[in-house]
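S.K.: Fold the following and give me the result.
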Amino acid sequence: GLPTIDYVRYADRDVAITQAAMEEVICLVGENLTSIHDLYFNDQAAVLNTSFITEHTLVVSVPKNLPLEQTDKIYMYNKAGDMATYDFKVLPPAPKVTGMSLEWAQPGETVTITGSYLFAPLTVEFPGCDPVAISSSDGSFFEVTIPEGAQPGKIKVTTESGVAQSVFMYKDSRGMLFDFDGLTG
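M.R.: The predicted structure follows:
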């Protein structure tokens, strides 16, 4: 028969969820789950292990690849090719901030911040300033204008998947003997 999902939970504890991160192991709970021949999260195929499938539960790892099309659905196909869907959001891993085009940019200047899993909507926070909302990012970089009052320190980026601090410091003057601009040294 056609599979149906009543709810999704973590594989290691009985807590219902509506979203999970990539590569997280989850458990689908429902009916006719042994009839599932193919399972997709968005447009990414999941690897099925029949040892972890019963009539009412299916334990599976969320695919680790980013979807080309984000539909926020699980697609279940049986051998006859019939499809059932379930609303479920796949979150990318927590963001990582690895670089900035100009670490000594002045307030009002636009810089490019690079890293991974930097998906919009996101906010970027410079020390001493309120967070700035960013609405456009391809996941590996975004542009931001340095806000007035930005202080030296680590930059914080927040996405749906979590929070990350930069590995570098904005306007890092630690250990600087000379700056060749006449301000230090």
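S.K.: And the helices in this protein?
M.R.: Using DSSP state H, no helices are found in the chain.
S.K.: Please name every helix or strand in contact with the longest strand anywhere in the chain.
M.R.: In the chain, taking DSSP state E as the definition, the longest strand is strand 110-118. Under the contact definition 3 or more C-beta pairs under 8 Å, 6 or more residues apart in numbering; DSSP states H and E, strand 110-118 sits against strand 96-100, strand 139-145, strand 156-159. Heads up, the C-betas are built off the backbone N, CA and C, glycines and all.
S.K.: Mean pLDDT, mean neighbour count and distance to P127 added to those, as JSON lines?
M.R.: Shown next, in JSON lines, are the helices and strands packed on strand 110-118 (pLDDT from 0 to 100; neighbours: other C-beta atoms under 10 Å; distance: least, C-beta to C-beta, whole Å):
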{"stretch": "strand 96-100", "mean pLDDT": "94", "mean neighbour count": "17", "distance to P127": "13"}
{"stretch": "strand 139-145", "mean pLDDT": "91", "mean neighbour count": "16", "distance to P127": "14"}
{"stretch": "strand 156-159", "mean pLDDT": "94", "mean neighbour count": "20", "distance to P127": "8"}
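S.K.: JSON lines please, covering the ones you listed and showing distance to P3.
M.R.: Below are the helices and strands packed on strand 110-118 laid out as JSON lines (distance: least, C-beta to C-beta, whole Å):
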{"stretch": "strand 96-100", "distance to P3": "36"}
{"stretch": "strand 139-145", "distance to P3": "32"}
{"stretch": "strand 156-159", "distance to P3": "32"}
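S.K.: How about the residue nearest the centre of the chain, nearest residue that isn't a chain neighbour?
M.R.: Note on the chain: the residue nearest the mean C-alpha position is P92, at 2.6 Å, using C-alpha atoms, centre = their mean. In this structure, P92 finds its nearest non-sequential neighbour in Y117, 4.6 Å apart by C-beta to C-beta, 6 or more residues apart in numbering.
S.K.: What about the one you found, how many residues nearby?
M.R.: If you count neighbours by other C-beta atoms under 10 Å, Y117 ends up with 22.
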